[in-house]
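Visitor: mind folding the following:
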Amino acid sequence: MKPGFFFKEAVRSIRANAAISVAATVTVMIAVFILGAFIASYLYVQSTVDAQKKRIDVNAYISDAATQSQVEGLQKQIEALRAKGVVASFDYVSKAEALEIMKTRFNDSRILEEVPGNIFPAKFEIKPTDPSNSQLIVDALKDGPAINAESGVSQ
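Guide: Predicted coordinates:
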């Protein structure tokens with residue numbers, strides 16, 4: 001069997017059935033294009049979801065009536081969760097810092113000037129080690145005496 005024979009027969013068959021050969025080729029090209037588009041779309045969506053998962057954090061809002069010892073107790077609870085590997089990091093944001101953050105977020109800071117006093121509570125911004133740990137953090141902190149009853153702990 002000679003390879004040249006198979007090549008000549010393939011070319012002869014393609015010439016004899018040109019319409020069918022073109023239709024089959026175009027069909028395969030369309031299928032490959034659609035598959036490629038779906039794979040690219042899937043990878044883009046997956047990377048976007050992964051990026052958003054990394055941004056998940058938990059905010060523990062502190063009541064204005066909380067004493068310093070209650071706030072320190074809440075901080076110790078968060079440190080214990082970090083020691084268990086549930087919390088990656090956390091930061092304390094005071095009432096004054098929260099007000100400044102909101103002033104930078106608004107395009108028109110005059111809105112906040114109309115409000116009497118500082119309405120923003122102090123909080124702990126908590127980053128979980130894994131996004132699935134966020135509910136565990138909320139459950140551990142939500143009933144603390146320093147937690148603001150209205151705002152509570154949110155994801």
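
Visitor: report the beta-bridge partner residues of residue 127.
Guide: Note on residue 127: beta-bridge partners residue 89, judged by DSSP bridges.

Visitor: contacting residues around it?
Guide: Contacts were defined as CB atoms under 8 Å, 6 or more residues apart in numbering; by that measure residue 127 touches 57-58, 87-90. In short, each C-beta sits where N, CA and C put it, glycine included.

Visitor: same deal with residue 54?
Guide: Residue 54 makes contact with residue 131, according to CB under 8 Å, 6+ apart.

Visitor: after the top helix by length along the chain, next one along is what?
Guide: Ordering each helix of the chain by length in residues (DSSP state H) puts helix 18-54 first. Using DSSP states H and E, the helix or strand that follows helix 18-54 in sequence is strand 58-61.

Visitor: tell me how many other residues surround residue 63.
Guide: As a burial measure, residue 63 scores 19 neighbours (other CB atoms under 10 Å).

Visitor: just checking, it touches residue 144?
Guide: No - assessed by CB atoms under 8 Å, residue 63 is found out of contact with residue 144, at 9.5 Å.

Visitor: residue 46 versus the residue positioned nearest the centre of the chain, what's the distance?
Guide: The residue lying closest to the centre of the chain (CA atoms, centre = their mean) is residue 52, at 1.6 Å. Distance check for residue 52 against residue 46: by CB to CB, to the nearest Å, it reads 11 Å.

Visitor: try residue 132
Guide: 17 Å.

Visitor: not counting its neighbours along the chain, what's nearest residue 62?
Guide: Setting aside the residues directly before and after it, residue 62 is nearest to residue 122 in space (CB to CB, 6 or more residues apart in numbering), at 4.4 Å.

Visitor: burial count for the one you found?
Guide: Residues lying near residue 122 (other CB under 10 Å) number 21.

Visitor: which residues does it contact?
Guide: Residue 122 is in contact with 61-62, 71, 92-95, 98, counting by CB under 8 Å, 6+ apart.

Visitor: give me the phi and psi for it.
Guide: Dihedral pair for residue 122: phi -70, psi 160, per degrees, to the nearest 10.

Visitor: measure it to residue 49 for me?
Guide: 32 Å.

Visitor: need the max-distance pair from the contacts of residue 122.
Guide: Within the contacts of residue 122, 71 and 98 form the most distant pair, 14.4 Å apart (CB to CB).

Visitor: export stretch 87-95 to CSV, keeping only CA atoms.
Guide: Extracted C-alpha coordinates of stretch 87-95, given in CSV (Å, rounded to 0.1, in the frame of the first residue of the first chain):
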residue,chain,number,x,y,z
VAL,A,87,-9.4,34.7,60.3
ALA,A,88,-6.5,35.8,58.1
SER,A,89,-6.3,39.4,59.3
PHE,A,90,-8.4,42.1,60.9
ASP,A,91,-8.3,45.9,61.3
TYR,A,92,-10.0,48.3,63.7
VAL,A,93,-11.8,51.3,62.1
SER,A,94,-12.8,54.0,64.6
LYS,A,95,-15.9,56.2,64.2
